[in-house]
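The following block contains a protein sequence and its predicted model.
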Amino acid sequence: MKKLYSLVLILASVAPAAFAADSNPAQLPLSWYRGDTGRQTLSASPENLDGLRGSVDRLYGVQSRALANVADAPAAALMQASAGGPPDLVPWHLEYITTELAISAQGLLGALTVKGTPGIQLHWRHQGNPPTPAPVPPAPVPQTGLVVAGDTTTLSDIQAQLEPVLRTALASGKVQDADAMRQNVVRAATQLQALTQALDEAGSRATDTPFWVSGFRFDFTIDEVGHVFPIGPKGGDIRFRFEWKRLKRKTVAAGSRVRVRGDFEDSLIQFTTAMQTQLGAALAEADDASESGFRLASYRVGIGVTKKGSIGIAEGSVSLIGNLNFSADVKKPVVYPSRNLSAKEVQAITFIPKGTFDGYPIDPEQLRKGLTKAINIGNFFARGTDTGGDKWKIYIMKAQFDMTLAGDSFLAGLIANGTSDLTFYNQKF
Amino acid sequence: MRRLAVLALSLSLVAASGCMDPSDFPVIGIDADGNATQVLISENDYSSKLTATVSAYQDSALPVLQKRPVAGAAGPWMLRTVAVGIGINTEIGVGDLVKIGAAPKLRLVFSNSSDPVVP
């Protein structure tokens, strides 16, 4: 009887543990989803990664096979577009599908429900057969920025473009001092030009890296007396988004300097130059993932401003005032049938914000290690060739990260901010 | 003693049933208390619902969108992109499934441009 009793106890205690050993193959290594827990490399725990690899393949495969079963749109729905529209007008169609994976607080991976921050985003696009005729020449694409501001844009140009936006804000009745609002917003817009020049200068300094500054986004709000503030975590009734994008690397002549330059611009140049350099170094150090077909194309990082006015990496939404985008010259996957993008340059405006948080200088070496880790994690999830589907394929894979002020990167959890992300283009699309 | 043995076996089976099975599909969501929770749903159910949901939205949306006039006829604004965020209904069970809603997220983007904006 004692033997039976012992057997029962052993069975009761061992059986769950035995199942638990294989129960969560979608378990991520601790350092992947929590910062400052050590610099575990991808090869440090191969047994865990084998299970995780299988789980990722399975998640992608289930979605791929499900999308392959979606019937093409009925011909009746795909009527020809009417004549007289813009040159890129085609019949309405399902262009792409986004599925998202999330990371739980325990580091488990799964499909994201309606709420929460995705750790991994997959953008699926329908791929046809390559065309046999000669490629269609690039069609002109109109400027689409809310406010377009270039190097030669004058103050009156900016005022004219802002006027409809300002009228809309005034019509809301939430701003009492119209003159102050106009003055502050236009001043902010004017300061953007100096910022964009600073970004161009930063891009020219870091010549030994494949990354260049491709965008800068800033959100702000206006109070009732017309003051302009960073939007911050609480938001505001009236919101403006100023966005500057560059689609091609620009080189500024050596020795040239921005027209208007202050501490903020200097700090921005310093920060972006350092980020470009560290990104290039991190990419060189990261594991080779060329077999997957995916290549790192861009990196977005949330930025904040210290009380002293210098730029730093934002940690969490509390200190986030904007985003900086860095791009590398990676070929964008070609979709058939498609028309080639023409080179376009959309520029908008921003302003110099007030200091919002105590920033910390980041050790470049720690930052590079954090970026290398992020790129390696991104490479792990970048899968392009073995999802099983031949109709809908993963076009872009985006991995969202949070960063610690020490420079470590970790996958954004379900309840997180995702203040930075890596975008991978599928070169085998 | 036999009861004890049955109890232990039952506990083992219950524990095992909560583990991932090849036919399970993991879903992560936020429960009513704001905590991140993982639940498992049927892979076949998820897959078939994903196919059905995308097909249904596509077949419903396209005829409606095609009826819209292009720029000029409807004013200065022209509709170019429609993004639909949806949740896939699954067989709702009990416990955590109910707590997190059990609706895997999906986003469909329709366009009438050969040069669409893709994130």
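Structure received. Numbering: from 1, shown residues only, chains lettered A, B, ... in the order given.

Give the pairing partners of the strand ranked longest in chain B; include direction for each.
For chain B, the longest strand by residue count, based on DSSP state E, is strand B:105-113. The partner list of strand B:105-113 in its sheet, established with DSSP bridges, is strand A:89-103 (antiparallel), strand B:81-87 (antiparallel).

okay, these, which one's buried deepest?
Comparing the strands paired with strand B:105-113 by mean neighbour count (mean count of other Cβ atoms under 10 Å in any protein chain shown), strand A:89-103 ranks first with a mean of 23. Just so you know, the C-beta spots here come from the backbone N, C-alpha and C atoms, and that holds for glycine as well.

Return the list of helices and strands in contact with the helix or strand following that one.
Downstream of strand A:89-103, the first helix or strand assigned by DSSP states H and E is strand A:109-112. When contacts are defined as 3 or more Cβ pairs under 8 Å, 6 or more residues apart in numbering or on different chains; DSSP states H and E, strand A:109-112 packs onto helix A:46-68, strand A:89-103, strand B:24-30.

The longest one packs against which elements?
Counting by 3+ Cβ pairs under 8 Å, 6+ apart, the packing neighbours recorded for helix A:46-68 are strand A:89-103, strand A:109-112, strand A:120-126, helix A:364-381, strand A:392-403, strand B:24-30, helix B:43-66.

Nearest to B:Val82, out of these?
When the helices and strands packed on helix A:46-68 are compared by Cβ to Cβ, helix B:43-66 sits nearest B:Val82, at 6.5 Å.

lowest-confidence helix or strand of chain B?
Ranking every helix and strand in chain B by mean pLDDT, DSSP states H and E puts helix B:96-100 at the bottom, with a mean of 47.

ok so, going back, I'd like the strands paired with strand B:105-113 as CSV, with mean pLDDT and distance to A:Gln270 appended.
Shown next, in CSV, are the strands paired with strand B:105-113 (pLDDT from 0 to 100; distance: least, Cβ to Cβ, whole Å):
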stretch, mean pLDDT, distance to A:Gln270
strand A:89-103, 89, 33
strand B:81-87, 84, 38
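
could you dump the ones you listed to JSON lines with distance to A:Leu112?
Shown next, in JSON lines, are those (distance: least, Cβ to Cβ, whole Å):
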{"stretch": "strand A:89-103", "distance to A:Leu112": "4"}
{"stretch": "strand B:81-87", "distance to A:Leu112": "10"}
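
Now residue 105. Nearest residue, chain neighbours left out?
I went with chain A, as the question did not name one. Setting aside the residues directly before and after it, A:Ala105 is nearest to B:Ala36 in space (Cβ to Cβ, 6 or more residues apart in numbering or on different chains), at 4.5 Å.

not what I meant, chain B
In space, and not counting its chain neighbours, B:Lys105 is closest to A:Leu112: 4.9 Å by Cβ to Cβ, 6+ apart.

so that neighbour touches B:Leu106, yeah?
No. With contact defined as Cβ atoms under 8 Å, A:Leu112 does not reach B:Leu106; the gap is 9.5 Å.

neighbour-wise, which of these two wins?
More neighbours surround A:Leu112 than the other of A:Leu112 and B:Leu106, with 26 against 23 (other Cβ atoms under 10 Å in any protein chain shown).

how about the more buried one, what does it touch?
A:Glu100, A:Leu101, A:Ala102, A:Pro118, A:Leu414, B:Val27, B:Ile28, B:Gly29, B:Pro104, B:Lys105 (Cβ atoms under 8 Å, 6 or more residues apart in numbering or on different chains).

Adding distance to A:Trp244, write the residues you listed out as JSON lines.
What follows is the contacts of A:Leu112, written out as JSON lines (distance: Cβ to Cβ, whole Å):
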{"residue": "A:Glu100", "distance to A:Trp244": "27"}
{"residue": "A:Leu101", "distance to A:Trp244": "31"}
{"residue": "A:Ala102", "distance to A:Trp244": "31"}
{"residue": "A:Pro118", "distance to A:Trp244": "26"}
{"residue": "A:Leu414", "distance to A:Trp244": "31"}
{"residue": "B:Val27", "distance to A:Trp244": "38"}
{"residue": "B:Ile28", "distance to A:Trp244": "35"}
{"residue": "B:Gly29", "distance to A:Trp244": "36"}
{"residue": "B:Pro104", "distance to A:Trp244": "35"}
{"residue": "B:Lys105", "distance to A:Trp244": "30"}
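
nearest to A:Leu49, of the residues you listed?
Once Cβ to Cβ is applied, the member of these that ends up nearest A:Leu49 is A:Leu101, at 16.1 Å.

that older thread, format the helices and strands packed on strand A:109-112 as CSV; extra columns: distance to B:Gly85.
What follows is the helices and strands packed on strand A:109-112, written out as CSV (distance: least, Cβ to Cβ, whole Å):
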stretch, distance to B:Gly85
helix A:46-68, 16
strand A:89-103, 9
strand B:24-30, 15
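
how about the ones you listed, which one is nearest A:Ser214?
A:Ser214 sits nearest to strand A:89-103 of all the helices and strands packed on strand A:109-112, at 20.9 Å, using Cβ to Cβ.

Check which element follows the lowest-mean-pLDDT helix or strand in chain A along the chain.
Counting by mean pLDDT, DSSP H and E, chain A has its least confident helix or strand at helix A:2-23, which shows a mean of 44. Using DSSP H and E, the next helix or strand after helix A:2-23 towards the C-terminus is helix A:30-33.
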